[in-house]
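Engineer: can't give you the sequence, but here's the structure:
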Ligand code: SF4
Ligand code: SF4
C-alpha cells in the first residue's frame, strides 16, 4: 500500500471513529432531552465508586507515564493494585463504597448488553451508556487509559505474562491476524444475536469471575485466558474483547499517546526487543494505524535516549517548535 493510500486510510479511520462516537452520543443526548430523569441518572452513575476510582487510577497512570516514572516495579505494583481495587475490594464490608465497586455491568457488558437490549426491542438502561461514556472519555484523554490502568482482567493477564519462561515461548502474534479474529468474533456476535438471540460474549466473559459465584464456565474461561497469557501479551484484549476493539478505534483520536522523537532515536531497537506488545514496530516506522497500546510504559522505560514519550499533540508541536527555534 502506498504512503498516500495509508494516509487516506488513517484519515478515514479517524473520521469513522469520530462518527461512531457522535452517532453513539447523539441518541443519548436526544433521549436525555425527552426524559429528564435519564439525564439525572446518567450523571448520577459517575458518583459510583468504581467510576470515580477508575478516573483516579487512569489519571495517576497518565501522570506516571508522562513523567517517565513507570518502571517495571512501579508497573507491577500498579497491576496488583488494579486487580485488588476493581476485582476484589467490592467483597469487603465497606457499605456503599463496596456496593459502588461491584463489577456490574462488567466492562465487556457495556458493549455487549446494549446490543442484547436492542435485539429484544427493550430500552437500554442508562447506566450501561453512562459507564461506557466514562470509559470513552478516559480513552480519548489518554491512549487506552481504561484498558491499561483500570481493567482487572487486562492487568491479571499482564501479571501472568511476566512469569519467566524460555524466551522462545513468548510469542507476538501479528496484529493483522489478531484484529481480524477480534473483528470476526464481533460480527459473529451481531449475526448470532439478531438471528438466534444468542450472545457469544455471554459465554466468554472472564470478568464474571470477579462476581465469585464459582460457575465452572467462568472459571474455565479465566483459566484458559491466563494459560494463554503465559505466552502471549494480553490475549483476551487482542483476540476477543469487544471493548478492546472499540477502544482500539478510539486510540486514533486519543490526545496522549506514545510518541517517538526521531531526532533522539539511535535505532538501537532496544524498545523492540524488550516490549511485550506488537505495537512498537509501528511506532518506530511512524505508522499512524497502530496495534493496541495498553500504556504499560515498558518501551518508554527501556529507551536509553528518552526518544519515546507519552505526550499530547500540543507538547509534540511545542517540542518541534522549540527545536526549530
Ligand atoms: S507501545 Fe507497547 S511497550 Fe510501549 S507502552 Fe504501549 S503497550 Fe507498553
Ligand atoms: S530504544 Fe529508543 S533509541 Fe532505541 S530504537 Fe527504541 S526509540 Fe530508538
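Structural biologist: Now that the structure is in, tell me what you want to look at. Note that the coordinates shown come from a computational prediction; the quantities given were computed from them, not determined experimentally. Numbers count the residues shown, from 1 in each chain. Ligands and ions are numbered 1, 2, ... in the order given.

Engineer: was I right about residue 253 contacting residue 140?
Structural biologist: Yes: counting by CB atoms under 8 Å, residue 253 does reach residue 140; the two are 6.1 Å apart. (Each C-beta comes from the backbone N, C-alpha and C, glycine too.)

Engineer: Which of the helices or strands spans the nearest residue to residue 206 once chain neighbours are set aside?
Structural biologist: Using CB to CB, 6 or more residues apart in numbering and skipping the chain neighbours, the partner closest in space to residue 206 is residue 222 (4.3 Å). Assigned by DSSP states H and E, residue 222 belongs to helix 216-229.

Engineer: Following the chain onward from that helix, which element is next?
Structural biologist: Later in the chain than helix 216-229, the nearest helix or strand by DSSP H and E is helix 235-239.

Engineer: quick one: contacts of that following helix?
Structural biologist: Under the contact criterion CB atoms under 8 Å, 6 or more residues apart in numbering, helix 235-239 has outside partners 147, 153-154, 157, 173, 175, 178-179, 181-182, 185, 206, 225, 228-229, 232, 244, 278, 291-292, 294.

Engineer: List the residues that contact residue 179.
Structural biologist: Taking CB under 8 Å, 6+ apart, we find residue 179 in contact with 238, 245, 248, 291.

Engineer: Recalculate using a threshold of 10 Å.
Structural biologist: With contact taken as CB atoms under 10 Å, 6 or more residues apart in numbering, residue 179 is in contact with 173, 238, 239, 244, 245, 248, 278, 291, 292.

Engineer: what helix or strand is it on?
Structural biologist: Here residue 179, judged by DSSP H and E, is contained in helix 175-196.

Engineer: thinking again about what came up before, counting by contacts, list what the helix holding residue 222 packs against.
Structural biologist: With contacts taken as 3 or more CB pairs under 10 Å, 6 or more residues apart in numbering; DSSP states H and E, helix 216-229 sits against helix 152-161, helix 235-239.

Engineer: ok now that helix, how far from the chain's centre?
Structural biologist: Taking CA atoms, centre = their mean, to the nearest Å, the mean C-alpha location of helix 216-229 is offset from the chain mean by 20 Å.

Engineer: Next, the angle helix 152-161 makes with it.
Structural biologist: For helix 216-229 against helix 152-161, the angle by axes from the mean of the first three to the mean of the last three CA atoms, to 10 degrees is 40 degrees.

Engineer: Now do the buried residues in helix 216-229.
Structural biologist: Buried positions in helix 216-229, judged by neighbour count with 16 or more other CB atoms under 10 Å: 218, 221, 222, 225, 226, 228, 229.

Engineer: Repeat that for stretch 209-218.
Structural biologist: Neighbour counts using 16+ other CB under 10 Å place 209, 210, 218 of stretch 209-218 among the buried residues.

Engineer: Can you redo the contacts of residue 179 as TSV, where the extra columns are pLDDT?
Structural biologist: Output for the contacts of residue 179, formatted as TSV (pLDDT from 0 to 100):
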residue	pLDDT
173	95
238	98
239	98
244	97
245	96
248	95
278	96
291	96
292	97
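
Engineer: Which positions in this protein make contact with ligand 2?
Structural biologist: Proximity of the chain to ligand 2 is confined to 260, 265, 266, 267, 268, 269, 270, 271, 303, 305, 307, 308 under the rule CB under 6 Å from any ligand atom.

Engineer: which of these count as buried?
Structural biologist: Burial by neighbour count, 16+ other CB under 10 Å: within the residues of the chain next to ligand 2 this picks out 260, 271, 303, 307, 308.

Engineer: Around ligand 1, which positions in the stretch 51-200 of the chain sit nearby?
Structural biologist: By CB under 6 Å from any ligand atom, no residue of the stretch 51-200 of the chain approaches ligand 1.

Engineer: Pull up the gap between the nearest residue to residue 87 once chain neighbours are set aside and ligand 1, please.
Structural biologist: Nearest residue to residue 87 in three dimensions, chain neighbours excluded: residue 152, at 3.8 Å (CB to CB, 6+ apart). Taking CB to the nearest ligand atom, to the nearest Å as the measure, residue 152 falls 17 Å from ligand 1.

Engineer: Please work out how many residues are found near residue 152.
Structural biologist: 22 (other CB atoms under 10 Å).

Engineer: cool, and the one 10 residues further on?
Structural biologist: Here the count is done by other CB under 10 Å, and residue 162 has 14 residues near it.

Engineer: Repeat that for residue 57.
Structural biologist: By other CB under 10 Å, the residues close to residue 57 number 22.

Engineer: Now it: which helix or strand?
Structural biologist: Counting by DSSP H and E, residue 57 is found in helix 49-66.

Engineer: chain center to that helix: distance?
Structural biologist: 13 Å.

Engineer: so what's the residue nearest to residue 86 when sequence neighbours are not counted up against?
Structural biologist: Nearest residue to residue 86 in three dimensions, chain neighbours excluded: residue 152, at 4.4 Å (CB to CB, 6+ apart). Applying CB under 10 Å, 6+ apart to residue 152 gives the contacts 79, 82-88, 103, 106-107, 206-207, 209-210.

Engineer: Counting neighbours, which of these comes out on top?
Structural biologist: When neighbours are taken as other CB under 10 Å, the top entry among the contacts of residue 152 is residue 107 (27 neighbours).
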